[in-house]
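[1] Here is my input; please provide its structure:
(one chain, ligands or ions: 2)
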Amino acid sequence: MMKPILITGVGRRLGLATAKALLADGWPVIGTYRSHYPELDELRSHGAILYRIDLLEPQALTTFIDWLRQECKGLRAIVHNASDWLAEDAGVPVADVFQQMMAIHAGVPYQLNLALADLLDSDEIGGADIIHVTDYVAQKGSAKHIAYAASKAALENLTLSFAAKLAPTIKVNSIAPAMMLFNEWDDAAYREKSLAKALLPKVGGDMEFVSAVRYLLHSRYMTGSCLNLDGGRPLK
Ligand SMILES: NC(=O)C1=CN([C@@H]2O[C@H](COP(=O)(O)OP(=O)(O)OC[C@H]3O[C@@H](n4cnc5c(N)ncnc54)[C@H](OP(=O)(O)O)[C@@H]3O)[C@@H](O)[C@H]2O)C=CC1
Ligand SMILES: Nc1nc2c(c(=O)[nH]1)N=C([C@H](O)[C@@H](O)CO)CN2
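    Numbering: from 1, shown residues only. Ligands and ions are numbered 1, 2, ... in the order given. Take a look at the predicted model:
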C-alpha cells in the first residue's frame, strides 16, 4: 500500500497541478486548502483527501496534526507549497507582513516537519521526502517583497537543518522557482520585464515544477540541495 503524499496549498496553480499529477501517477494525496475552488471538487473526485485549514490560525495546526495522525499511519512525502506573496506596500502593517511571511514559509514547515517526521520514516535510504518550495529571491533578495524573500531564505536554511536531522531515510530538498506562472493581474509591461530577467525568456510553467517534484521523489541520493527553476536568471 502506497503511503500518501501531503501537499499544502492545493487549491490553485502550482499546488493544484502537483496534486493532480501525483494522483495521476498513482500516489494517494492529502491536500490542504484555505479557499474553496471548483477545481477542488475535481481533485476530490480523483481520490484526493482534502482538508480545509488556514495554516496561520492559532490551534488549527495542532488540530490538523492530530487529524493527520488519525487519518494515516505513514507519509511518503510532504510538499510545503502553501504561500502568500505579500509586498511591503500591501496595505498591511509591515510588522504583520513580516510575521505572516515568516509564519507561513518557515514556522508552518518547521512545526509540521518536527510533528510528522516519524510518519515519514522509511525502511530505505532516501525513501521519503520533504520538499520546501522556496524562491529564487531567497538568494537574491527582493526590494518589493523584503519579508517574503527573507522568509523564503529561512525556509532554505530549514532545508539544511532538516536534511542533517532526518537522514538517512528522509531526504529534505528545496525547489526554488523564479517565473513559473504569471498572475492574471500582471500587465504586459510587467510580463515583458519579468521575462527579460532570465537567459531563457519564458515562463517555466506548472509542469516544469511538477517535473522537479517527480525528480526528487525518484531520487535516492539528493538531500540538503535545491533545484533552481530560474531560467538562468543568476547569469543574466
Ligand atoms: N508562481 C510563481 O511564479 C512562483 C511561485 N513560487 C512559490 O511556489 C509556490 C506555489 O506558487 P503559486 O502556485 O503561484 O502560489 P499561489 O499564491 O497561487 O497559491 C498559494 C496557495 O497557498 C495557499 N495558502 C496561502 N496562505 C495559506 C494559509 N495561511 N493557510 C492555508 N493555505 C494558504 C493559498 O490559499 P488561497 O487560495 O486561499 O489564497 C493558495 O492556494 C509558493 O510557495 C510560491 O511562493 C516561487 C516563485 C515563483
Ligand atoms: N505565493 C506566491 N509566491 C509567488 C508568486 C505567487 O503568485 N504566489 N509569484 C511570484 C512571481 O512569479 C515572481 O517569481 C516573478 O515575478 C513569486 N512568488
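
[2] Report pLDDT for the nearest residue in space to residue 235 that is not next to it in sequence.
    Ranked by CB to CB, 6 or more residues apart in numbering and with sequence neighbours excluded, the top spatial neighbour of residue 235 is residue 199, at 5.6 Å. Where C-beta positions appear, they are placed from N, C-alpha and C, glycine not excepted. At residue 199, the pLDDT value in this model is 98.

[3] what do you get for residue 58?
    pLDDT for residue 58: 80.

[4] Does it lie in a helix or a strand, and which?
    According to DSSP states H and E, residue 58 maps onto no helix or strand at all.

[5] Residues in contact with stretch 142-158: which ones?
    80, 85-89, 94, 97-98, 101-102, 104-106, 109-110, 113, 132-135, 137-141, 174, 176, 226 (CB atoms under 8 Å, 6 or more residues apart in numbering).

[6] near ligand 2, which residues of this structure?
    When proximity is defined as CB under 6 Å from any ligand atom, the chain approaches ligand 2 at 83-85, 135, 178-179, 183, 194.

[7] Quick check, central residue of this structure?
    When CA atoms, centre = their mean is applied to the chain, the residue found nearest the centroid is residue 81 (2.0 Å).

[8] residues contacting that one?
    7-10, 14-15, 18, 133.

[9] As TSV, these with secondary structure, pLDDT and neighbour count would be great.
    Putting the contacts of residue 81 into TSV (DSSP: H, G, I helix; E, B strand; the rest coil; pLDDT from 0 to 100; neighbours: other CB atoms under 10 Å) gives the following:
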residue	secondary structure	pLDDT	neighbour count
7	strand	99	28
8	strand	99	25
9	coil	98	24
10	coil	98	29
14	helix	98	25
15	helix	98	23
18	helix	98	27
133	strand	99	26
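
[10] burial count for residue 234?
    13 (other CB atoms under 10 Å).

[11] Could you check the pLDDT of it?
    97.
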